[in-house]
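**Q** no sequence for this one, just the structure:
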Ligand SMILES: Cc1cc2nc3c(=O)[nH]c(=O)nc-3n(C[C@H](O)[C@H](O)[C@H](O)COP(=O)(O)OP(=O)(O)OC[C@H]3O[C@@H](n4cnc5c(N)ncnc54)[C@H](O)[C@@H]3O)c2cc1C
């Protein structure tokens, strides 16, 4: 590690009031459980310190990346020469606001937030209870399930300004599209969000969540490490069904396996490396391209150094 970088990053963390770790393995912070170290890894505990850190790090030599629950990220075995800000500690209890609104910080886990909203008699987040995301990652990805997505409930985001301040950003439908948002387009750091829900009967809300949960359990390998759906579906056919038809379910490379339950998931059966996962991903992608004439778009984000 270059000494000047160590000096820069330790000083930046200290000025922002944030905990910094050197060479932190990404396998510990991603749901696929693979990936080498991030050169620098930061864990801010408040939106204010996170915004200060963002401004500091953007002046540094390494690219800055944000990590939430790590459920859509596959990091390569070599790790990344990057300054990674992880939102794991950017959490505290959500806030109930007038008008069936709630506010929460970026690191708040979405499943717990959905259950908390249900307990308050607020409907609108039922769709999200099974999504292993933090709120910031879910807003940034416009995560969705069960025919709904975060675009429908997110009316305001807190984002980090380049000057280190926390900025409020009002949001409308034009700020979101399928699995993307203002934050992915403009490369913004989401620090928190305000959601507009609707009053509802807690028992009915819980019944809807339970039905969604049952469906997910029956169709997805949620007890094994994975990064969710690997590929975006084709316009007219599901990748999972196609993989099944091609006889590729259960295909393995080392401990990486095409799920036998859902053909669009690659699971880690224990000791898979990122090379196993990405090798298998390429094999399936080639088979799909040969079968359909078009390679599917990769939906998971692969973290490797930019050339
Ligand atoms: C078992 C399983 C099931 C899944 N089911 C679904 C599903 O039903 N629907 C769905 O949409 N997705 C699903 N996913 C994928 C994943 O959960 C979503 O993409 C989720 O939104 C990722 O959130 P995260 O906090 O884990 O973000 P990460 O995976 O940590 O990051 C994803 C991207 O968002 C960026 N990011 C993270 N936090 C922030 C922030 N605060 N500000 C700005 N950028 C940020 C990262 O830099 C990265 O580019 C599933 C994944 C798994 C493993």
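**A** Yes, it's here. Predicted model, so just to flag it, every value in this text is computed and none were measured.
**Q** list the buried residues in the helix or strand residue 168 falls within.
**A** Using DSSP states H and E, the element containing residue 168 is strand 166-170. Neighbour counts over strand 166-170 (16 or more other CB atoms under 10 Å) mark 166, 169 as buried. Backbone N, C-alpha and C define where each C-beta goes, glycine included.
**Q** quick one: contacts of stretch 140-147?
**A** With CB atoms under 8 Å, 6 or more residues apart in numbering as the test, stretch 140-147 has contacts from 66, 68, 72, 110, 126-128, 130-131, 133, 137, 149-151, 176-181, 183-184, 190, 212, 216.
**Q** repeat that with 7 Å
**A** 72, 127-128, 130-131, 133, 149-151, 176, 179-181, 183-184, 190, 212 (CB atoms under 7 Å, 6 or more residues apart in numbering).
**Q** thinking again about what came up before, so does the strand holding residue 168 get close to the ligand?
**A** No: Strand 166-170 is not in contact with the ligand by CB under 6 Å from any ligand atom; minimum separation 11.8 Å.
**Q** the residue of the stretch 201-307 of the chain found nearest the ligand and residue 72, how far apart?
**A** Proximity of the stretch 201-307 of the chain to the ligand (CB to the nearest ligand atom) peaks at residue 228, 2.5 Å away. As for residue 228, its distance to residue 72 is 6 Å (criterion: CB to CB, to the nearest Å).
**Q** neighbour count for those two, which is higher?
**A** Neighbour count, other CB atoms under 10 Å: between residue 228 and residue 72, residue 72 has more, with 23 against 20.
**Q** quick one: contacts for that one?
**A** Counted by CB under 7 Å, 6+ apart, residue 72 has contacts 141, 227-228, 300-301.
**Q** 10 Å - rerun?
**A** Residue 72 is in contact with 30-32, 132-133, 137-138, 140-141, 143, 179, 227-229, 299-301, counting by CB atoms under 10 Å, 6 or more residues apart in numbering.
**Q** please list all residues in contact with the residue nearest to residue 231 when sequence neighbours are not counted.
**A** Spatial nearest neighbour of residue 231, excluding adjacent residues (CB to CB, 6 or more residues apart in numbering): residue 296 at 3.9 Å. Listed by CB under 10 Å, 6+ apart, the contact set of residue 296 reads 230-234, 239, 242-243, 264, 284-285, 288-289.
**Q** kindly report the same for residue 16.
**A** Residue 16 neighbours (CB under 10 Å, 6+ apart): 42, 44, 48-57, 85, 164.
**Q** counting only strands, which of the residues you listed make the cut?
**A** Secondary structure from DSSP state E places 42, 85 of the contacts of residue 16 in strands.
**Q** name the residues of the least confident helix or strand in the chain by mean pLDDT that are buried.
**A** Within the chain, confidence by mean pLDDT, DSSP states H and E is lowest for helix 3-16 among all helices and strands, at a mean of 89. Neighbour-count burial for helix 3-16 flags 5, 8-9, 12-13, 16 (criterion: 16+ other CB under 10 Å).
**Q** give me the common contacts of residue 228 and residue 72.
**A** Among the neighbours of residue 228, those also in contact with residue 72 (CB under 10 Å, 6+ apart) are 31-32, 132-133, 143, 299-300.
**Q** what about the ligand: which of the residues you listed touch it?
**A** 31, 132-133, 143.
**Q** just the buried residues of the residues you listed.
**A** Using 16+ other CB under 10 Å as the burial test, those include 31, 132-133, 143 as buried.
**Q** let's see which of the contacts of residue 296 end up in strands.
**A** Using DSSP E, none of those sit in strands.
**Q** buried among those? Make that a ChimeraX selection.
**A** Buried subset of the contacts of residue 296, written as a ChimeraX selection, criterion 16+ other CB under 10 Å:
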select :230,231,233,239,242,243,264,284,285,288
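**Q** got JSON lines for the contacts of residue 296, with pLDDT too?
**A** What follows is the contacts of residue 296, written out as JSON lines (pLDDT from 0 to 100):
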{"residue": "230", "pLDDT": "98"}
{"residue": "231", "pLDDT": "98"}
{"residue": "232", "pLDDT": "96"}
{"residue": "233", "pLDDT": "96"}
{"residue": "234", "pLDDT": "96"}
{"residue": "239", "pLDDT": "98"}
{"residue": "242", "pLDDT": "98"}
{"residue": "243", "pLDDT": "98"}
{"residue": "264", "pLDDT": "98"}
{"residue": "284", "pLDDT": "98"}
{"residue": "285", "pLDDT": "98"}
{"residue": "288", "pLDDT": "98"}
{"residue": "289", "pLDDT": "98"}
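**Q** great, nothing more from me.
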